[in-house]
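1. Structure of the sequence below:
(chains A, B and C)
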Amino acid sequence: MPEGPELHLASLYVNKMCNGVVFTGPVRKSDVSKSPDVPFTCEAYRITATSRGKEVKLTLTPIKSDDPKQRVKSGHADQPMAVVFRFGMSGYFRFTKEEELPKHAHLRFYSKEKPCRVLSYVDARRFGSWEPNGTWQPERGPCIMFEYNSFRENVMSHLTDRAFDRPICEVLLNQKYFNGIGNYLRAEILFRLNIPPFVPARTVLEGLESQDLFDNEKPVKNEITDTKTKKKRMKEETADLLRLCHSVPLEVVNLGGKGYDPEKADYSDFEAWLQCYYVDGMKSLRDHNGRTMWFKGDPGPMAPKDSKSPKAKKRAKKEDDHDYTDKKKVARSRSVSTSKKKLVKGEAMTKMPNKEKEAGSKKIKTEKALREANTPHHEKKSARRRKSSIPDQAACAVSQRRSGRVTRQSAK
DNA sequence: CGTCCACGTCTAC
DNA sequence: TAGACCTGGACGG
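-> Sure thing, here's the model as predicted:
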């Protein structure tokens, strides 16, 4: 679940679910986990969470006894402890009844209630980790979402760093500067600005301001500028890559309780939100680190020539189950049409929308028809159909839109 | 059944 | 710049 927005949503989930809940006893770890034990035991404590970029910190706070003379049991904590988590590729938190512990619940905090409940850190692949008495990793930069000004300043004041010699799409994954950006966010952000992914990062960034005067909450006040200037500013504003590194992730947070790989119920909203990542019609290439970069149009001068682009094989959207919201699914009225934007006309190849399988969808027809109308039909990809899980219409339409398989240009 | 792919770091050659 | 570290879902045969 893991890019900045998901980590933040995880912190909101913990605060909401654990608000008012009293936890007790030791923190327990699964036998299979290689992460450290969390040496914290307490008769009564509370749990709160905060996030920063791609990390979440839980704070375990002992509750003082009413009885001032009651001593803290030996071996029991009387001071707060922080535990910092990184989610790897599949981490998330869940708060469940003890008998409903999720599979792969590797670290567990037990409530004091009668039938107790458990806050679990769940991580199927175990790439995630936690650190008792931890602090935010010092090598990671300021949070792209909640430390926007310092994030910006940190990037702009280090443009001479050799790190910026690399293609912008690869630099966006460098957590020293872009703490919170991950693979789907880099694709969405560059797509919004139509920036070729394999252009030298410094070229794209130099020229931007260290300070975003047009900051969020303060929409340029008392500034008497002529319309022209204003327009220009607006333009720059919307075209500012660093600003999008802040605002695009916040859009995901605002979708409410989900993000990548969330509960199936709400997942369709996230899918509908994606404009490029895994979307039919978009191209993809493996970057120099072997990560799939999704984009549209020109790859840019530093594109891995050689290369291996992703196998044109399977793609699938999983939809498991972790939703940080309680909201029951409301009828998804998301209109497909609104979510869809202009379709790209067939690019040189690589991926084209695939044809849909006759199987389920039917309402999709329209969309598809539209797309084909604008798309040169020279393609033939085998389309693989991703199961998308969401049964209702919008969902179908959405999944249809993005389910295509891609066909990589062959590798010669 | 087997292959490929996945929201991310880490560290070893 | 490669693996290593893991599980599991979607596909292909």
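2. Am I right that A:Val252 is in contact with A:Ile144?
-> No. Contact criterion C-beta atoms under 8 Å: A:Val252 and A:Ile144 do not qualify, at 11.6 Å. Glycine gets a C-beta too; all of them are placed from N, C-alpha and C.
3. So if I had to pick from those two, which one is more boxed in?
-> A:Ile144 (33 against 25; other C-beta atoms under 10 Å).
4. what separates the closest residue to that one other than its chain neighbours from A:Asp280, distance-wise?
-> Using C-beta to C-beta, 6 or more residues apart in numbering and skipping residues adjacent in sequence, the residue nearest A:Ile144 is A:Gly180, 4.1 Å away. Using C-beta to C-beta, to the nearest Å, we find A:Gly180 at a distance of 27 Å from A:Asp280.
5. Neighbour count: these two, which is higher?
-> The neighbour count for A:Gly180 versus A:Asp280, taken as other C-beta under 10 Å, is higher for A:Gly180 (30 against 25).
6. got a list of what the residue nearest to A:Ile144 touches?
-> For A:Gly180, the contact set (C-beta atoms under 8 Å, 6 or more residues apart in numbering) comprises A:3-5, A:7, A:53-54, A:143-145, A:249.
7. top of these by neighbour count?
-> When neighbours are counted by other C-beta under 10 Å, A:Ile144 leads the contacts of A:Gly180 with 33 neighbours.
8. Identify the residues contacting that one.
-> By C-beta under 8 Å, 6+ apart, the neighbours of A:Ile144 are A:4, A:53, A:151, A:178-181, A:245-246, A:249.
9. Which ones among those lie within helices?
-> A:4, A:151, A:245-246, A:249 (DSSP state H).
10. Report the secondary structure state of A:Ala303.
-> Secondary structure state of A:Ala303, per DSSP: H, G, I helix; E, B strand; the rest coil, is coil.
11. How about the secondary structure of the residue nearest to it when sequence neighbours are not counted?
-> Nearest non-adjacent residue to A:Ala303, counting by C-beta to C-beta, 6+ apart: A:Phe198, 4.0 Å away. Secondary structure of A:Phe198, reduced to three states by three-state DSSP: coil.
12. and A:Phe198, how many neighbours does it have?
-> 24.
13. circling back: switch the contacts of A:Ile144 over to TSV; also include distance to DNA strand C and pLDDT.
-> Converted to TSV, those look like this (distance: C-beta to the nearest atom of the strand, whole Å; pLDDT from 0 to 100):
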residue	distance to DNA strand C	pLDDT
A:Gly4	20	98
A:Gly53	19	98
A:Phe151	24	98
A:Phe178	17	98
A:Asn179	19	98
A:Gly180	20	98
A:Ile181	18	98
A:Cys245	23	98
A:His246	27	98
A:Pro249	24	98
